[in-house]
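Q: fold the following for me, if possible:
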Amino acid sequence: MIAPEIALRAQIEKLVKLSDTDWELLLPHLELKTIKKNTLFAEEGKMGKEVGMIIEGCMRHYYTKDGEERSTYFYFENALVGAYLSCITGMPSQISIDALADTQLIVFPYKQLAELFDTNKTWERFGRKLAEWALIGVEERMVGLLTLSPEERYHQLLASNKQKIIERIPQHYIANYLGITPVSLSRIRNRVTKK
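A: Down below sits the predicted model:
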């Protein structure tokens, strides 16, 4: 298995090349953390303070409206995860992120990352690329919810690079993510299987 620090650096370098000097600015702030299944990594109403990368496991990002959870994203190995809006604004988080399995992460304080954005050109570029990546994901999700039928969203999920969702996420969370009931998802799956 690759050391968590090396895996994190490799993921960051998919967005921007780091010199050893750049990397050493973040390295002392890294910490391994294990989040047990059904435990929160970020919680609605609380301040987001850290960002992490999943080494092993999976997590679910969701909002709560009128006591009902609405799943909006799933995270798997090598994904960067955090309550970014809370970290950036300093306001309490509007989302929760929970572990769907025992999950190991390598985490660091967002405050430290923000300081690097302000003091180091390479890290500033990483911050811009990370923001662009996040914006693309949000827009794709929003467009899908607003323009596609539930069945079209399911077909899109099947055809996408998000096969881990189908393989590893319980059906009731997939239905919730698609904005439909588990019964509706079952009917859609039956129609797709018959075709």
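
Q: outline the domain layout of this structure.
A: 4-147, 149-195 (automatic domain parsing).

Q: mind naming the longest helix for the protein?
A: helix 121-147 (DSSP state H).

Q: average pLDDT across the helix or strand following that one?
A: Sequence-wise, the next helix or strand downstream of helix 121-147 (DSSP states H and E) is helix 150-159. Computed over helix 150-159, the mean pLDDT rounds to 88.

Q: and helix 150-159, what does it pack against?
A: helix 121-147, helix 163-168, helix 171-178, helix 182-194 (3 or more C-beta pairs under 8 Å, 6 or more residues apart in numbering; DSSP states H and E). For every residue, glycine as well, the C-beta is placed using N, CA and C.

Q: now those helices in JSON lines, with mean neighbour count, distance to S93 and mean pLDDT?
A: Formatted as JSON lines, the helices and strands packed on helix 150-159 follow (neighbours: other C-beta atoms under 10 Å; distance: least, C-beta to C-beta, whole Å; pLDDT from 0 to 100):
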{"stretch": "helix 121-147", "mean neighbour count": "13", "distance to S93": "15", "mean pLDDT": "93"}
{"stretch": "helix 163-168", "mean neighbour count": "13", "distance to S93": "23", "mean pLDDT": "89"}
{"stretch": "helix 171-178", "mean neighbour count": "19", "distance to S93": "19", "mean pLDDT": "93"}
{"stretch": "helix 182-194", "mean neighbour count": "13", "distance to S93": "27", "mean pLDDT": "88"}
